[in-house]
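Engineer: Dropping a prediction and its sequence here:
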Amino acid sequence: MKKSSFGIVCMALLLSGCAAMTGVAVATVAGPGAGAAAAQGVQRQQGRNDARRAVRHASGELQRLIPRDARLWVHNRATGREQGVASGIADDLTSNMLQNGIHIVDRESASLIAREQQVQLSGNVRDSDILSIGQQIGATHLATVYITVAAGNVRRLQLRVLEIETGRLLLQSDTSNSWRVR
């Protein structure tokens, strides 16, 4: 084995050993383009980690703001390509709230779902429209999930929490890194 090949193998073993200790995945370079694929894989993993961190932060904020007897409706307001990411975040947020004893209101009524879809398709979705639906399904609090894209393609979770009875805004996420989803 040539010295340069031996050095590359040693470096790869060293990196994989360090990665195993820290829990970071390391891709080996298999040929042209493999570096770009590995970089994309690392970015996707970092994005998932950012989303999990944002969900933990959002869960903590929700638990701090709403009473234990609240009936929470988590609503995904994202559209287009961000809808999938927001849907996953809404699911994780819902799961986290359930695990922490918060009652989640599910949209079971087909007529209410149809009405909500009509409102969403109109493009003129106001908080009052969604609050009205929330009242009809028995929710006391509404958490709306949306993904915003800022400069440099930085995405962040936008979470708004409203008290349904009064329409009072309890939380509007800010632009800090706590809400970043990559």
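Structural biologist: That came in fine, so what should we check first? Numbering: from 1, shown residues only.
Engineer: okay, now L171: neighbour count?
Structural biologist: 16 (other Cβ atoms under 10 Å). Just so you know, the C-beta spots here come from the backbone N, C-alpha and C atoms, and that holds for glycine as well.
Engineer: try L157
Structural biologist: There are 26 residues near L157, going by other Cβ under 10 Å.
Engineer: With R71 instead?
Structural biologist: 17.
Engineer: now do I164
Structural biologist: Considering only other Cβ under 10 Å, I164 is surrounded by 24 other residues.
Engineer: okay, it: pLDDT?
Structural biologist: For I164, the pLDDT comes out at 92.
Engineer: helices or strands up against whichever helix in the chain runs longest?
Structural biologist: The residue-count maximum for a helix in the chain (DSSP state H) belongs to helix 34-65. In terms of contacts (3 or more Cβ pairs under 8 Å, 6 or more residues apart in numbering; DSSP states H and E), helix 34-65 is packed against helix 83-99, strand 155-163, strand 169-172.
Engineer: quick check: angle from that helix to helix 83-99?
Structural biologist: Going by axes from the mean of the first three to the mean of the last three Cα atoms, to 10 degrees, helix 34-65 is angled at 40 degrees with respect to helix 83-99.
Engineer: tell me the mean pLDDT for helix 34-65?
Structural biologist: For helix 34-65, mean pLDDT rounds to 82.
Engineer: ok, now stretch 91-98?
Structural biologist: Model confidence over stretch 91-98, given as mean pLDDT, is 93.
Engineer: so where's the protein uncertain?
Structural biologist: In the predicted model of the chain, residues 1-34, 39-44, 47, 107-125 satisfy pLDDT under 70.
Engineer: who are the neighbours in contact with R156?
Structural biologist: By Cβ atoms under 8 Å, 6 or more residues apart in numbering, the contact set of R156 is 54, 147-148, 150, 173, 175, 179-181.
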